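Visitor: here are the coordinates; sequence isn't available:
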């Protein structure tokens, strides 16, 4: 399951070949980026199965849009934007399910899985609580926090990707931060 | 400003200040510098910001077989969002038709003068 390590120069070359229609080159790109795309999708939709669908769809859209990829942004940045768009589209499916109570949040249930020694740091517990709090934000708030605070996008990039104004992004982000703090407090009190 | 209101105001601005890098007004900064509760709140948000940044590294790996699934589906049609009629459009259409029928009915019932 380990993804191939691809150096930046190699990514450029693979992208160039994939743009010309090489599915072999594209497969290498998918292999190299699958975990980060899945990770972003998972943060956005909080559902493993849906995140897998989002990842698959994002790669397929990327393949089809590759001829239009001008290389203004890094390939991974471009891929992340597609992932965000697909997550928004497919997230409607998730909205049909009732919100999961805190105890049943998949990320909490999975928290102990796949742990490695690096993660066994003092930060782990806070990460788990924060992931839980993040999952309990509404999708609109969660998206801005994930893109701005986790992935370091600018307000402009977030606004453009979500189809909202920069002001709306800032307002949403501010509310999300307050909510996140409140959620963390509630989670701490329950423990 | 009333000290309590000042405190609440600064507390409300702390997330933007800490996580968004937005500068506080001098008067608010003075309050923050002298208020232990606000300083603790700012410290909490700094920890949240740092931890969120660390979460970019995905907790979970992509499911096995994702690459194969992608490659097997490269030529199939994309999943499109539901294209059924928008609920608002349906409701609006029903209202318009009902209004038109009501108007028509009134017109027919009106006695000829």
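Guide: Perfect, thanks for sending it. Keep in mind that what you see is a predicted model, and the values were worked out from it rather than measured. Numbering: from 1, shown residues only, chains lettered A, B, ... in the order given.

Visitor: Nearest spatial neighbour of the residue of chain A found nearest chain B, chain-adjacent residues omitted?
Guide: At 2.5 Å from chain B, residue A:39 is the closest residue in chain A, using CB to the nearest CB. To be clear about C-beta, it is placed using only N, CA and C from the backbone, and glycine gets the same treatment. In space, and not counting its chain neighbours, residue A:39 is closest to residue B:58: 2.5 Å by CB to CB, 6 or more residues apart in numbering or on different chains.

Visitor: burial measure for the one you found, as a count.
Guide: 17 (other CB atoms under 10 Å in any protein chain shown).

Visitor: quick one: secondary structure of it?
Guide: Following DSSP: H, G, I helix; E, B strand; the rest coil, residue B:58 is assigned to coil.

Visitor: confidence score at it?
Guide: pLDDT for residue B:58: 72.

Visitor: quick check: domain ranges of chain A?
Guide: A:1-97, A:105-191 (automatic domain parsing).

Visitor: from those domains, which stretch is densest packed?
Guide: Each of these was assessed for mean neighbour count using mean count of other CB atoms under 10 Å in any protein chain shown. The highest is domain A:1-97, with a mean of 18.

Visitor: can you give me the helices for chain A?
Guide: Taking DSSP state H to define them, one finds helices in chain A at A:8-19, A:23-45, A:48-65, A:75-95, A:106-109, A:123-135, A:139-145, A:155-162, A:166-190.

Visitor: Which one of those helices has the poorest average confidence?
Guide: Across the helices of chain A, helix A:106-109 has the smallest mean pLDDT, namely a mean of 37.

Visitor: Measure how buried the closest residue to residue A:127 other than its chain neighbours is and give me the count.
Guide: Spatial nearest neighbour of residue A:127, chain neighbours left out: residue B:51 (5.7 Å); criterion: CB to CB, 6+ apart. Residues lying near residue B:51 (other CB under 10 Å) number 19.

Visitor: Residue numbers of chain B in contact with chain A?
Guide: Counting by CB under 8 Å from any CB of the partner chain, the residues of chain B close to chain A are B:12, B:15-16, B:19-20, B:44-45, B:47-49, B:51-64, B:66-67, B:69-71, B:73-74, B:76, B:78-79, B:81-82.

Visitor: mind listing which of those are in helices?
Guide: Cross-referencing the residues of chain B next to chain A against helices under DSSP H gives B:12, B:15-16, B:19, B:44-45, B:47-49, B:51-54, B:66-67, B:69-71.

Visitor: Filter those down to the buried ones, ChimeraX style.
Guide: Under the burial definition 16 or more other CB atoms under 10 Å in any protein chain shown, those of these that qualify are selected in ChimeraX by:
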select /B:15,16,19,44,45,48,49,51,52,66,67,69,70,71
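
Visitor: Now chain B against chain A: closest residue?
Guide: As assessed by CB to the nearest CB, chain A sits closest to residue B:58 within chain B, at 2.5 Å.

Visitor: Who are the contact partners of that residue?
Guide: Each residue near residue B:58 by CB atoms under 8 Å, 6 or more residues apart in numbering or on different chains is listed here: A:35-36, A:38-40, A:42-43.

Visitor: what's it sitting at in phi/psi?
Guide: Main-chain dihedrals, residue B:58, degrees, to the nearest 10: phi -60, psi 140.

Visitor: and it, how far is that from residue A:42?
Guide: According to CB to CB, to the nearest Å, residue B:58 stands 7 Å off from residue A:42.

Visitor: swap in residue B:74?
Guide: In this view, residue B:74 and residue A:42 are 23 Å apart by CB to CB.

Visitor: got it, and residue B:47?
Guide: The gap separating residue B:47 from residue A:42 is 23 Å, by CB to CB.

Visitor: sorry, back to before: pLDDT value on the residue nearest to residue A:127, please?
Guide: Looking at residue B:51, its pLDDT stands at 90.

Visitor: How about the residue nearest the centre of chain A, nearest residue that isn't a chain neighbour?
Guide: Nearest to the geometric centre of chain A sits residue A:40, at 1.6 Å (CA atoms, centre = their mean). In space, residue A:40 comes closest to residue A:83 once its chain neighbours are excluded; the distance is 5.2 Å by CB to CB, 6+ apart.

Visitor: Quick one: residues contacting the one you found.
Guide: Counting by CB under 8 Å, 6+ apart, residue A:83 touches A:37, A:40-41, A:44, A:54-55, A:58.
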